[in-house]
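Peer 1: A predicted structure for the sequence below; I have some questions about it.
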Amino acid sequence: MNISNSSTTSANTASSASTTTSTNSQISDMFLQLLVAQIKNQDPTNPTDGKEYVSQLAQLSQVQSMDSISSLMTSTSRQVSSLQKQSIGALTGQKVMVSTTTLSTDGATAVSGRTTLAHAASQVTLTLKDSAGNSYPVALGAAPAGDVNFTVDPKTLGLPAGSYSMSVTTDNNQSGLSTELMGTVKSVRFPLTGSDPILTLQGIGDANYSTITQFTAA
């Protein structure tokens, strides 16, 4: 158990509760001041009905209740966000498979992957293309419908370090074929914009957390 994280969470919760109490107290004080002023300045010949004061007190109670719920939701949201970050951060060192159409290779690390066929094909080809338009085809041979596994070995293919696009074609012209790659998570980055966490995968490059399709023990 991480004592530091637990202490921090408790402190945040206590701080939030203290803030809520203080806010409610301020609202009550302001209401009482307005109520006293209203009573002092009312027309003696036409005093305000007591029921109206009761109604105002009920409205005050509703405002305080809504403010407490809002503060509680904010505190809960922060705690959930913190737990999510800890959970995603724990992926460091683990293997994941991501859906991607690009590969940023270091020129040395072999990467395993797969594509999925809707129908059997006599010839399946994975093609990598660099920014200069040079193509590096990888013949995967005949395959039945379903998952087709492959390995991209930069040394065997003569791939220099760099970024490549990936596509899969078949002899029976199947379209929309996806590509997935498996890699070890080296680091996790949380953008300040609040967008998807970015995983840096060894031998693959960066990938959004939302593109993960499989978790695998390292």
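Peer 2: Nice, thanks for sending it over.

Peer 1: what does the residue positioned nearest the centre of the chain show for phi and psi?
Peer 2: Against the mean C-alpha coordinate of the chain, by Cα atoms, centre = their mean, the closest residue is residue 196 at 4.3 Å. The phi and psi values for residue 196, taken as degrees, to the nearest 10, are phi -50, psi 140.

Peer 1: tell me the spacing between it and residue 112.
Peer 2: When distance is defined by Cβ to Cβ, to the nearest Å, residue 196 is 24 Å away from residue 112. To be clear about C-beta, it is placed using only N, CA and C from the backbone, and glycine gets the same treatment.

Peer 1: before we move on, what about residue 92?
Peer 2: Relative to residue 112, residue 92 is positioned 20 Å away (Cβ to Cβ).

Peer 1: out of the two, which sits in the more crowded spot?
Peer 2: Taking other Cβ atoms under 10 Å, residue 92 and residue 112 do not tie; residue 112 has more neighbours (16 against 13).

Peer 1: contacts for the host helix or strand of the more buried one?
Peer 2: Assigned by DSSP states H and E, residue 112 belongs to strand 111-117. Residues from elsewhere that reach strand 111-117, judged by Cβ atoms under 8 Å, 6 or more residues apart in numbering: 97, 103, 105, 124, 126, 140, 143-152, 168, 170, 174, 177-183, 203-204.

Peer 1: which of the residues you listed are buried, as a ChimeraX select command?
Peer 2: This is how ChimeraX selects the buried members of the contacts of strand 111-117, with burial counted by 16 or more other Cβ atoms under 10 Å:
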select :97,103,105,124,126,140,143,148,150,152,168,170,174,177,179,180,181,182,183,203,204
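
Peer 1: now, the contacts of strand 111-117 that are in strands?
Peer 2: Judged by DSSP state E, the contacts of strand 111-117 include 97, 103, 105, 124, 126, 140, 143, 146-152, 168, 170, 180-183 as members of strands.

Peer 1: would you map the helices across the protein?
Peer 2: When assigned using DSSP state H, the helices of the chain occupy the ranges 3-40, 50-89, 154-157.

Peer 1: need the least confident one among the ones you listed, by mean pLDDT.
Peer 2: Least confident of the helices of the chain, judged by mean pLDDT, is helix 3-40 with a mean of 54.

Peer 1: and residue 41, what pLDDT?
Peer 2: 65.

Peer 1: what of the one 3 residues further on?
Peer 2: Predicted confidence (pLDDT) for residue 44: 53.

Peer 1: repeat for residue 98
Peer 2: According to the prediction, residue 98 has pLDDT 97.

Peer 1: these two touch, right, it and residue 184?
Peer 2: No - in this structure residue 98 lies outside contact range of residue 184 using Cβ atoms under 8 Å: 11.7 Å.

Peer 1: between those two, what contacts are shared?
Peer 2: Taking Cβ under 8 Å, 6+ apart as the criterion, residue 98 and residue 184 both touch residue 201.

Peer 1: ok, the two, which is more surrounded?
Peer 2: Neighbour totals were compared for residue 98 and residue 184, and residue 98 leads with 24 against 18 (other Cβ under 10 Å).

Peer 1: ok, that one - contacts?
Peer 2: Residues in contact with residue 98, defined by Cβ under 8 Å, 6+ apart, are 180, 181, 183, 199, 201, 204, 207, 208, 211, 212, 213.
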